[in-house]
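Trainee: prediction below, plus the sequence it came from.
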Amino acid sequence: MKYAGMSATTAAARTAATLLTLALLAGALLAGCASQPTVTAPPRAAQAPQQSPQQATGPQAAQPQPEAAPAQAEAAPAPATVPADETVRVALLLPLSGKAASLGEAMQQAAQMALFDTADSHFQLLIRDTKSTPEGSVAAAQDALAAGATLLIGPVYGVDAKAVTPAAGTVPVLSFSNDATVADTHAPAGGTWVLGFQPQDQVARVVSYAASRGLTRLALLAPVGGNGDMVEQAMRDAAAKAGADVTRAARYQPTQKDVSDTIKRLSNFDQRHAQMAAAREATASKDGKPGPAVEELPFQAILIAEGGQRLKEVAPLLPFFDIDPGPVRFLGTGQWDEPGIGREPALVGGWYASAAPDARQGFEKRFNDVYGQRPPRLATLAYDATALAAVLAKGHKAYVRENLTDPNGFAGIDGVFRLLPTGQVERGLSVLEVTKTGVTVVDPAPTSFTPVTAPAPSPNTGS
């Protein structure tokens, strides 16, 4: 199943002049209807010809683009469609005021880039302000539904998405949350999907890769709480599947300023140093008797479930207490995916799972060229979700579950992804290694998914 207009050529970015026009036009559209803006893509004939942008750093896989459908899909019932000349309205629910206004504005800008890159003149994006609250999110959703929205993109936070789900009714919701409990597809129609980056997937990917490289004895350092519990369970599940073992797990309170004691216990620091002291004393006595053997660490790699400033505080303590990044490989999640991570020496050589950086770097440069600032990490989610909606609309595909959950998935800025019937989102992730100057890909992300097929029927035993 191919979607019209989604060749490799259309995946190229606009020229610098076209992007400037985009920024000016989008600004004019929003200025003219600031309270309830509706953005419509310009007619295709009015847009500049597609060509490779000068600012691009490499081939862009920025527009959601399904892979070829498996052969068995041809026998399936035809997906729901919409008339070719019908206007398709999609709502974008973002915090454009309140505590998260700056994030919401940047995500709106990313969505506008996707709109001008992928949509046609029959596609309208209804932008609604959630006011950074659950109540505001419900009001925004209700207003958008009254305006004819057939798909809700957003809101950003899990608590807001949970509030919106019942209000959406049979209209699907593509939330930006990474809270797995937000997913809700129990009703026969509609449903809520979690587009945010899931730590469980990241943990499974990096643990599987580490085990494939012979690192089968693993340790975990994580804060107490729901996120730490989720990471630990994901790590144990992934390790068991990969033939590895979590030999140590150390947890600490999120508010705990000094985690030195936790790390000392993790490395058996006091016992091992006592053994070393005894060995030195035996050697000094020259009685010819060998000293006691120094206990080796019971793990070859350690997953550090932290990011940001907290990661920079915790990481240097590990080598101080004999967990050295040479003999022990440091592992992380997408929380490590931030500029300048290689400036912390203890993290250099560490592995973590995240989206492939190439396409995102190209997107970030485009965004900076248009808006004069670096986009926040979640901006790519807004781009990919808007582009997905525009591509389905351009192919006259209604926002029903069988279309949204195409098992072939879509290719976006953050790599291939597909919406699952459970409300979760599966992503193809790379494994990256931290270097002094940035990161390098050590295991590339997949470029397609294994087709989902129905289980084979049980043999007929005649009973």
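Mentor: In hand now; what should we look at? Numbers count the residues shown, from 1 in each chain.

Trainee: only C-alpha atoms from now on, for both contacts and neighbour counts.
Mentor: Fine.

Trainee: now the strands for the stretch 251-400 of the chain?
Mentor: Ranges of strands within the stretch 251-400 of the chain are 301-304, 329-332, 351-354, based on DSSP state E, counting those that start in this stretch.

Trainee: out of those strands, which is the most enclosed?
Mentor: strand 351-354 (a mean of 30; mean count of other C-alpha atoms under 10 Å).

Trainee: distance of residue 396 relative to residue 169?
Mentor: Using C-alpha to C-alpha, to the nearest Å, residue 396 is found at 22 Å from residue 169.

Trainee: to clarify, my last question referred to residue 93.
Mentor: Distance from residue 93 to residue 169, by C-alpha to C-alpha: 16 Å.

Trainee: re the thing from before, would you convert the strands of the stretch 251-400 of the chain into TSV that also reports distance to residue 173?
Mentor: Formatted as TSV, those follow (distance: least, C-alpha to C-alpha, whole Å):
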stretch	distance to residue 173
strand 301-304	33
strand 329-332	30
strand 351-354	24
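
Trainee: for residue 396 and residue 169, indicate the residue with more neighbours.
Mentor: residue 396 (20 against 14; other C-alpha atoms under 10 Å).

Trainee: so the more buried one sits right up against residue 84, yeah?
Mentor: Yes: the pair residue 396 / residue 84 is scored as a contact, 6.0 Å apart, by C-alpha atoms under 8 Å.

Trainee: look up phi and psi at residue 119.
Mentor: phi -90, psi 160 (degrees, to the nearest 10).

Trainee: next, count neighbours for it.
Mentor: 27.

Trainee: can you tell me the closest non-neighbouring residue to it?
Mentor: Once flanking residues are discounted, residue 119 sits nearest to residue 390: 5.0 Å by C-alpha to C-alpha, 6 or more residues apart in numbering.

Trainee: hmm, the one you found is touching residue 117, no?
Mentor: No: assessed by C-alpha under 8 Å, residue 390 is found out of contact with residue 117, at 9.4 Å.

Trainee: spell out the secondary structure type for residue 246.
Mentor: strand (DSSP: H, G, I helix; E, B strand; the rest coil).

Trainee: beta-bridge partners for it, please?
Mentor: Counting by DSSP bridges, residue 246 forms beta bridges with residue 218.

Trainee: rewinding a little: the strands of the stretch 251-400 of the chain into TSV, with extra columns for distance to residue 126 and mean pLDDT?
Mentor: Below are the strands of the stretch 251-400 of the chain laid out as TSV (distance: least, C-alpha to C-alpha, whole Å; pLDDT from 0 to 100):
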stretch	distance to residue 126	mean pLDDT
strand 301-304	41	98
strand 329-332	38	98
strand 351-354	31	96
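
Trainee: so how far is residue 205 from residue 330?
Mentor: When residue 330 is compared with residue 205 (using C-alpha to C-alpha), they lie 14 Å apart.

Trainee: where does residue 235 fall, secondary structure wise?
Mentor: Using DSSP states H and E, residue 235 falls within helix 226-242.

Trainee: for residue 92, name its beta-bridge partners.
Mentor: Beta-bridge pairing of residue 92, defined through DSSP bridges, involves residue 127, residue 153.
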